[in-house]
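J.: Would you be able to build a 3D model of this:
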Amino acid sequence: MRRLVKRAAMVAASAGLAGVAYTQVYDRLRAERLTRKYAQFRAYQQAAHDHVDADFNHQDRVVNGLNWHYVDEGAPDGDVILFLHGLPESWHSWRHVLPLVDHDYRLIAIDMKGYGRSDHDDGDYDWHTVARQTLDFMDDLGIKKFHVVSHDWGTLIGSILVGNHPERILGYVRMEVDLTSPKSLKDWITFYRLKPQWLYCRSYWAGRHTMQDPGRLIDKVYPPRMTTRLRPEDRDYLVYEFSRPGVADAVARYFLRRNWDLPAATDRIAEDSFPFPILQLQATEDESQPQWLFRDAASRFPNVKLEWVTGSAHFDNLDQPVQVAEAINRFVHEASASQRVTSPA
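T.: Just a heads-up that it's a prediction; the model follows:
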């Protein structure tokens, strides 16, 4: 018996040493190799990257010590639409949508905190903190009220921003996020089955390890979640921006359980009554948010209008940018007309 216990202890100790060796040696060497690889990739792609950038008005702004990179298009004095992207993306998520949105509006598409050219150093990724910091950015621009259009992880942060500060919002278009959070064990099992990355990336090491290789990540994530072919120039731009030093370390923090507030990002938006319209824009072929999740949404959530983007999967702003832009235009025009009618003369 003693011999068996000793052997078991030796096996456990060996496994522990192997784990330490992996995380302290191999993982570090892997990170260094990938850093060199993507530095070379960005150098090779620089001209193509700059060619895309030249079509848009890029700006940087430091607010409370955080740098924000953003694209600023449309009418400087028009009503503002703030665009919030998802994972693993950047402002570029809206590249094919922005030219089709009414340019009588001011269109601001940011690199969200931790992404692209925005700040990577602040380690606080509590969703409420990030939402507040995003609003601080809008304050610094002198923008009092605005529309929000958000996709994927941008919708989680955008929903909290909207829910916490409804007095600042003209209208909200939320894309590709559930309208309810899990309540029971069965709900959680379904949630993790549809979105396994949420379980896997609860480990900061696992999330960062995956995100440190953005070429592999984007090639794995996008094609199965699109109905159209990801354009090579879009793929390379996304990889370029996500491979910037510090992005993987920062973005992985969004998944940490201590930062979550799913009820605020889902249930509150769906169930509360707000003084502005809400549009849920959802792709018909999104396997992570299948249509049955929105069954009876009209009766369950009367304050949210549901509209489908047909022939599209999760990345509908790349799959069907014309449909997405047309839906945004209809929404903001109707919201503006309603505000003119209800505003006192």
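J.: Quick check: which element contains D60?
T.: Using DSSP states H and E, D60 maps to strand 58-63.
J.: Now the element after that strand, going C-ward?
T.: Downstream of strand 58-63 (by DSSP H and E), the next one is strand 66-74.
J.: Pairing partners for that next one, with directions?
T.: strand 58-63 (antiparallel), strand 106-110 (antiparallel) (DSSP bridges).
J.: on that earlier part again, now the strand holding D60 - C-alpha only, CSV.
T.: C-alpha atoms of strand 58-63 as CSV (Å, rounded to 0.1, in the frame of the first residue of the first chain):
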residue,chain,number,x,y,z
HIS,A,58,-9.0,57.8,-38.3
GLN,A,59,-8.6,59.6,-35.0
ASP,A,60,-7.0,58.9,-31.6
ARG,A,61,-8.0,60.5,-28.3
VAL,A,62,-6.7,60.1,-24.8
VAL,A,63,-9.5,60.2,-22.1
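J.: about what we covered before: show me the one of the strands paired with strand 66-74 that comes nearest L262.
T.: strand 106-110 (22.8 Å; CB to CB). Yep, even glycine has a C-beta here, placed from its N, CA and C like the rest.
J.: And the average pLDDT for that closest one is what?
T.: Across strand 106-110, pLDDT averages out at 98.
J.: swap in stretch 57-73?
T.: On average, stretch 57-73 scores 98.
J.: ok, and for it, which residues are buried?
T.: Buried residues in stretch 57-73, counting neighbours by 16 or more other CB atoms under 10 Å, are found at 63, 66-73.
J.: With adjacent residues omitted, what lies nearest to the residue positioned nearest the centre of the chain?
T.: By CA atoms, centre = their mean, the chain has its centre lying nearest to G86, at 1.9 Å. With sequence-adjacent residues excluded and distances taken as CB to CB, 6 or more residues apart in numbering, G86 is closest to D152, at 2.4 Å.
J.: sec struct for L82, please.
T.: strand (DSSP: H, G, I helix; E, B strand; the rest coil).
J.: Specify the beta-bridge partners of it.
T.: I108, V148.
J.: Is it in contact with I110, as I believe?
T.: Yes. L82 sits in contact with I110 when judged by CB atoms under 8 Å, with a separation of 7.3 Å.
J.: on that earlier part again, would you list the strands paired with strand 66-74 in JSON lines and tack on distance to P166?
T.: Converted to JSON lines, the strands paired with strand 66-74 look like this (distance: least, CB to CB, whole Å):
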{"stretch": "strand 58-63", "distance to P166": "22"}
{"stretch": "strand 106-110", "distance to P166": "19"}
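J.: Among those, which comes closest to L156?
T.: strand 106-110 (15.0 Å).
J.: just to revisit the earlier point, residues contacting the residue nearest to G86?
T.: 85-87, 89, 175-177, 314 (CB atoms under 8 Å, 6 or more residues apart in numbering).
J.: at 10 Å what do you get?
T.: Residues near D152 by CB atoms under 10 Å, 6 or more residues apart in numbering: 84-89, 93, 175-177, 225, 288-289, 314-317.
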